[in-house]
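J.: structure here, sequence nowhere to be found:
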């Protein structure tokens, strides 16, 4: 009996000790689990704090607007004034003198009138206001059909032949620059041909009866430098243009 009690006491004692040991082990495991959780939480916090929270990418706002040059525009160099006026040969609508600004002067190389001694000027030089505007690019001289037509100065025949049903003679004048001056005569039946050298006063043809440029018989006399029309009367020196000088008698002085 005594032995049975002793064994029960021993077993009971052991049975009483086992729950304490298990609790201790469970406590240790719980502590380890909590520690692990704390460590893992700390690591996760460190990672989250380093990378920052995840964000959803929105639409690209594009480049920032240009703030501009600031208050008030910067002073620029101003408008380009462009090239200055061309001092070339001018247009065909020059002044009454027949030459535009920058043109070389027309030399008075004429030695005779184209027709007669001093023919009447039926219509004078009237330059147009524009290149293609109305006007009179020459002078009309009264002349009878068949009257001889002379070159007013020495030169070379540039053209001789019909143009639009009328005979035309054109002469390049010697020593009048580059391009040289060129006289024209119409309506004229030419007696010279292109390339002929002519002297001042030499006959180059006769007045044609055809043509209604003047409303009657006449010679249209023109002058050009290149494509610019000029006043042909400038070719004549004053003594030829205005006629010879006459001495008037003085009262009380006998004539020689």
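T.: Right, received. Where do you want to start? The structure displayed is predicted, hence computed values, not measured ones.
J.: surely residue 146 touches residue 217?
T.: No. Counting by CB atoms under 8 Å, residue 146 stays clear of residue 217, with 9.2 Å between them. Bear in mind the C-beta positions are built from the backbone N, C-alpha and C, glycine included.
J.: between these two, which one's more packed in?
T.: residue 217 (18 against 11; other CB atoms under 10 Å).
J.: do you know how far that one is from residue 115?
T.: 10 Å (CB to CB, to the nearest Å).
J.: quick revisit: give me the common contacts of residue 146 and residue 217.
T.: 207, 209 (CB atoms under 8 Å, 6 or more residues apart in numbering).
J.: quick one on the thing from earlier: shared neighbours of residue 217 and residue 115, anything?
T.: 142, 143, 207.
J.: which parts of the protein are helices?
T.: Assigned by DSSP state H, the helices in the chain fall at 2-51, 238-241.
J.: worst average pLDDT in those?
T.: In terms of average pLDDT, helix 2-51 trails the rest of the helices of the chain, at a mean of 50.
J.: so residue 193 makes contact with residue 157?
T.: Yes. Between residue 193 and residue 157 there is a contact under CB under 8 Å: 6.5 Å.
J.: settle it for me: which of the two has more neighbours?
T.: Shown here are residue 193 and residue 157; by other CB under 10 Å, residue 157 has more neighbours (19 against 11).
J.: what's the closest non-adjacent residue to the more buried one?
T.: residue 196 (4.4 Å; CB to CB, 6 or more residues apart in numbering).
J.: that neighbour against residue 156, yeah?
T.: Yes. Applying CB under 8 Å as the test, residue 196 and residue 156 come out as touching, 7.0 Å apart.
J.: and stretch 197-204, how far apart are its ends?
T.: Start and end residues of stretch 197-204 are separated by 10 Å (CA to CA, to the nearest Å).
J.: what do you get for stretch 169-182?
T.: 10 Å.
J.: go on, stretch 104-120?
T.: Counting by CA to CA, you get 28 Å between the two ends of stretch 104-120.
J.: residues of that stretch that come out buried?
T.: For stretch 104-120, a neighbour-count test (16 or more other CB atoms under 10 Å) marks 106, 108, 109, 110, 111, 112, 113, 114, 115, 116, 119 as buried.
J.: between those residues, which is nearest residue 164?
T.: Nearest to residue 164 among these is residue 114, at 20.2 Å by CB to CB.
J.: any idea what the residue nearest to that closest one when sequence neighbours are not counted is bridged to?
T.: With CB to CB, 6+ apart as the criterion, residue 114 has its nearest non-adjacent residue at 5.2 Å, and that residue is residue 221. Applying DSSP bridges to residue 221 gives these bridge partners: residue 139, residue 185.
J.: what's the neighbour count on residue 221?
T.: 24.
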